[in-house]
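A.B. asks: my questions are about this predicted structure, shown below with the sequence.
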Amino acid sequence: MSDGHAQGAGRRLATFATLLLLVALLVQWTSSQLRSEMGALGESMWPGYGVELREEPELPLRPEPLGPELPSTAAVSASTDNSDADGGGAAEDEDEDDLLGSLDDLLEDEDVKSDEQLAAEKHAAALVAYDQSMVAYESALERRTPALRAYAAVDLVLFSIFTWLSEHFRPLFILLLGLGGVIASAGRHHISLRQIRGRLSDRFAQGGALLANLLLIASVVTQHRSRLAAGTLLEEGVGLEAGLWIGGFAAMALCNVVYLARPLAADPGDREGSGGLSYALLSIPLYAVMAVIAGAYFLLAEGYLAGLAVYLEKLLSNVQLYLQVGLYVWVGMLLKRTRLASLAFAVVRPWRLPPELLAIVVVLLAAIPTAYSGASGIFVIAAGALIFRELSAAGARPSLALASTAMSGSMGVVLSPCLLVVIISYLSGAESDLLFHWGRWVFVLSAALFAGLVVLTRRGPLRPQPSDDAWRQSGQALRALLPHVVIFAAVLLLTRTLLGASLDMNSAAFVLPLALLPILLYDRRIRRRERALESTDGQDLEGTTVFAATAETSVHVGALLLLMALSAGLGGVIERAEVVSLVPTAFASPMLAMGALTIVLVLIGMVMDPYGAVILVQATLSGVAEANGIGLVHFWMVVLVAFELGYLTPPVALNHLLARQVIGDAMPTDEASGGNDASFWRRHERYLLPIVVMALTLVLVAFGPLLVGP
């Protein structure tokens with residue numbers, strides 16, 4: 001019992017820390033936006049606010065007086081006037097020898113006189129500037145009224161908060177990844193090809209993860225020592241970051257050691273599922289597999305143990321992007337605990353749409369939030385459980401529900417304002433407008449193929465069978481949904497008015513949590529009222545809190561960010577081993593070049609996250625496409641579709657793994673998905689449907705433009 005209490009207290013503490021980190025990201029963005037708006041408003045109310053009035057003016061320093069050996073400005077001026085007035089009369093009375101004198105003495109006297117005049121003139125100019133500064137200083141003091149001082153104080157506090165958080169993005173990211181990784185390790189929630197079931201698979205999973213964590217610790221320590229020896233540690237300020245990396249991996253390794261000492265008990269009712277060496281090997285977390293492969297290469301092939309740490313650090317170059325991943329996952333967990341999606345489904349539920357038709361609608365509509373989240377895997381984590389639950393409740397067969405869940409985000413990565421496309425535009429130089437223009441056509445193509453394939457493989461007619469009072473039930477659902485829409489619209493209006501931010505690619509990760517938090521509070525109030533009317537204790541409300549959403553967020557963030565981090569290391573191996581260079585630079589025709597490129601791109605998509613993969617592709621394969629006459633925009637459209645096919649293709653099938661991660665215990669078995677008596681398509685529909693759709697899309701996108709010509 002004491003262990004359980006300790007674990008519960010530790011989990012609550014880690015969840016609270018995760019919540020603080022996520023809120024800190026919102027505070028950083030909000031303070032930045034609010035300060036920008038305050039600057040513009042302050043300028044309109046007090047002209048010159050940004051330059052002269054925002055900060056307390058400093059008293060100007062009066063120039064030091066001239067020394068006794070130098071004449072004052074007035075003396076220099078008078079001397080010059082007297083010399084002009086005397087003219088040459090005195091010179092006529094002097095002896096010719098006195099006039100000539102020593103040339104050297106004369107030149108020296110003239111130089112001294114010139115320096116004296118220059119010093120005096122500079123002093124005079126300094127006095128004039130001082131007088132002007134004093135006028136400006138007194139004017140600023142007079143204009144800094146108590147109201148302006150209070151306004152500027154708030155402005156400067158926001159600036160200090162924004163500055164401090166911006167300067168600490170890197171350690172904040174390491175903390176978020178470390179906390180999430182420890183929580184995922186403690187709960188055995190890391191992403192793997194097979195779930196941990198039984199003692200054998202648990203031992204392999206914990207042993208593999210322990211080896212990976214020790215390799216990571218050794219790599220970071222080696223890099224830290226080399227920097228310390230080179231004297232660059234203090235200059236780069238990475239000592240704190242190294243300590244955080246080591247602390248996070250050490251805590252994860254401690255969890256592995258504890259679970260190796262106390263593995264899962266054997267399940268006598270599940271001997272087949274929990275046994276077997278092959279199953280146990282597939283239970284090793286994917287991040288651990290990637291870390292061991294990359295670490296072994298760096299250590300054995302290059303003798304460069306610090307290689308893993310180097311690529312972990314490269315991940316920090318896009319730290320703001322990966323921090324937004326945490327916010328998007330949090331958005332999904334908040335959305336899961338509101339009634340928004342269930343009420344939206346309640347609007348169409350009385351019309352009793354066929355499961356196939358509902359699946360088409362859901363997958364197509366899911367493209368919109370995917371475009372804002374920037375990656376299909378993020379959206380699967382955020383909304384996969386909800387989509388699976390609603391499709392199953394509508395009567396969809398498990399295989400169709402699983403297929404739709406896995407590819408629910410695959411179609412939206414080509415739509416505006418997807419951040420991945422913006423990054424591609426930045427790296428490659430391709431115009432983002434052109435990428436989004438052709439991305440819309442790629443979306444239409446994939447949507448048509450998905451709808452057509454679902455219709456062709458349907459079991460029954462596509463005719464809705466509405467209930468007798470469908471209009472009334474839909475109207476009630478709309479009325480219940482209306483307050484949510486009003487709250488959401490009000491938050492968007494406030495952020496637009498107060499923060500100058502709209503729901504675009506730059507602000508969606510921050511605006512969406514701000515909109516969902518009041519919706520969750522409103523829903524919780526409604527649920528509490530309903531429980532009071534039903535005279536129940538309302539204990540089930542515990543799962544609807546922000547804290548509960550953050551607890552689930554921490555698990556998924558840790559699993560996903562670790563997978564992204566180590567895929568960057570695996571990408572480093574691919575880059576340094578020059579595996580991609582095996583693809584010839586020149587082909588006999590663009591068709592052959594495109595065929596080779598699509599195969600390589602799908603393979604890359606199977607093992608890497610998209611943000612690391614596009615950097616690798618830009619550095620290696622984009623030149624091959626250009627050399628073989630493949631257009632820049634055409635090539636990157638192929639890249640996006642090929643990546644999505646890779647995420648849906650076994651043996652890794654990352655989107656399927658993420659779907660299983662969020663569906664959890666509701667995940668049906670393979671037998672439930674089709675049954676032994678079903679056709680080959682029905683038994684494997686969860687994989688075949690997404691693969692066929694995206695493969696057909698890839699073939700048409702890759703080779704269609706080459707066949708049609710420019």
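C.D. replies: Perfect, I can see it now.

A.B. asks: in terms of secondary structure, what does the biggest helix by length in the chain contact?
C.D. replies: Longest helix in the chain, counting residues (DSSP state H): helix 2-45. Applying 3 or more C-beta pairs under 8 Å, 6 or more residues apart in numbering; DSSP states H and E, we find helix 2-45 packed against helix 146-167, helix 169-186, helix 319-337, helix 508-533, helix 546-576. Glycine gets a C-beta too; all of them are placed from N, C-alpha and C.

A.B. asks: got JSON lines for these, with distance to Leu481 and mean neighbour count too?
C.D. replies: Shown next, in JSON lines, are the helices and strands packed on helix 2-45 (distance: least, C-beta to C-beta, whole Å; neighbours: other C-beta atoms under 10 Å):
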{"stretch": "helix 146-167", "distance to Leu481": "36", "mean neighbour count": "14"}
{"stretch": "helix 169-186", "distance to Leu481": "33", "mean neighbour count": "23"}
{"stretch": "helix 319-337", "distance to Leu481": "14", "mean neighbour count": "23"}
{"stretch": "helix 508-533", "distance to Leu481": "11", "mean neighbour count": "18"}
{"stretch": "helix 546-576", "distance to Leu481": "20", "mean neighbour count": "24"}
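
A.B. asks: picking up where we left off before, could you give the angle of the longest helix of the chain to helix 169-186?
C.D. replies: With axes from the mean of the first three to the mean of the last three C-alpha atoms, to 10 degrees defining the directions, helix 2-45 sits at 150 degrees from helix 169-186.

A.B. asks: pLDDT on helix 2-45, on average?
C.D. replies: For helix 2-45, the mean per-residue pLDDT is 85.

A.B. asks: just stretch 125-132 next, same as before
C.D. replies: Stretch 125-132 shows a mean pLDDT of 83.

A.B. asks: what's the answer for stretch 343-361, then?
C.D. replies: For stretch 343-361, the mean confidence score works out to 87.

A.B. asks: okay, how far is it across that stretch, tip to tip?
C.D. replies: Taking C-alpha to C-alpha, to the nearest Å, stretch 343-361 runs 16 Å from one end to the other.

A.B. asks: tell me the buried residues in it?
C.D. replies: For stretch 343-361, the neighbour count (16 or more other C-beta atoms under 10 Å) marks 343-351, 353-360 as buried.

A.B. asks: Lys336 is in contact with Ala385, correct?
C.D. replies: Yes. The criterion here is C-beta atoms under 8 Å, and Ala385 meets it with Lys336 at 6.5 Å.

A.B. asks: can you give me every residue that contacts the residue lying closest to Leu200 once chain neighbours are set aside?
C.D. replies: Leaving aside its sequence neighbours, Leu200 sits nearest to Ala280 (C-beta to C-beta, 6 or more residues apart in numbering; 4.7 Å). For Ala280, the contact set (C-beta atoms under 8 Å, 6 or more residues apart in numbering) comprises 200-201, 203-205.

A.B. asks: show the pLDDT at Leu560.
C.D. replies: Predicted confidence (pLDDT) at Leu560: the value is 86.

A.B. asks: domain assignment for the chain?
C.D. replies: Using automatic domain parsing, the domain parsing of the chain gives 168-305, 319-708.

A.B. asks: between those, which one is nearest to Tyr137?
C.D. replies: Closest approach to Tyr137 among the domains of the chain (C-beta to C-beta): domain 319-708, 32.4 Å.

A.B. asks: tell me, how many residues neighbour His168?
C.D. replies: 14 (other C-beta atoms under 10 Å).

A.B. asks: ok so, going back, which of the contacts of Ala280 fall in strands?
C.D. replies: Using DSSP state E, no member of the contacts of Ala280 falls in strands.

A.B. asks: of all those residues, which comes closest to Gly8?
C.D. replies: Nearest member of the contacts of Ala280 to Gly8, counting by C-beta to C-beta, is Ala205, at 22.8 Å.

A.B. asks: OK, contacts around the closest residue to that closest one other than its chain neighbours?
C.D. replies: The spatially closest residue to Ala205, leaving aside those adjacent along the chain, is Ser283, at 4.6 Å (C-beta to C-beta, 6+ apart). Ser283 makes contact with 192-197, 201-202, 204-205 under the criterion C-beta under 8 Å, 6+ apart.

A.B. asks: let's see 6 Å
C.D. replies: 192, 194, 196, 201, 204-205 (C-beta atoms under 6 Å, 6 or more residues apart in numbering).

A.B. asks: in helices only, show me the residues you listed.
C.D. replies: Among the contacts of Ser283, the members falling in helices (DSSP H) are 201, 204-205.

A.B. asks: quick one, which of the residues you listed are buried?
C.D. replies: Buried positions within the ones in helices among the contacts of Ser283, assessed by neighbour count (16+ other C-beta under 10 Å), are 201, 204-205.

A.B. asks: can you show me the strands along this protein?
C.D. replies: Read by DSSP E, the chain holds no strands at all.

A.B. asks: low pLDDT regions in it?
C.D. replies: Low-confidence segments of the chain (pLDDT under 70): 1-7, 66-115, 232-237, 266-275, 374, 534-544, 665-678, 709-710.

A.B. asks: repeat that for 50
C.D. replies: For the chain, the stretches with pLDDT under 50 are 1-3, 70-103, 106-107, 268-273, 537-539, 671.

A.B. asks: and the residue nearest to Val361 when sequence neighbours are not counted, how far is that from Leu335?
C.D. replies: Spatial nearest neighbour of Val361, chain neighbours left out: Leu353 (7.4 Å); criterion: C-beta to C-beta, 6+ apart. Leu353 is 22 Å from Leu335, where distance means C-beta to C-beta, to the nearest Å.

A.B. asks: go on, Ser139?
C.D. replies: Ser139 sits 53 Å away from Leu335, going by C-beta to C-beta.

A.B. asks: same question for Ala568.
C.D. replies: Distance from Ala568 to Leu335, by C-beta to C-beta: 28 Å.

A.B. asks: same thing with Met637?
C.D. replies: If you measure Met637 against Leu335 using C-beta to C-beta, the figure is 30 Å.

A.B. asks: and Leu493, by the same measure?
C.D. replies: Relative to Leu335, Leu493 is positioned 20 Å away (C-beta to C-beta).

A.B. asks: just give the number of residues close to the residue lying closest to Gly307 once chain neighbours are set aside.
C.D. replies: Counting by C-beta to C-beta, 6+ apart, Gly307 lies nearest to Phe298, which is 3.2 Å off, once chain neighbours are set aside. Using other C-beta under 10 Å, Phe298 is surrounded by 24 other residues.
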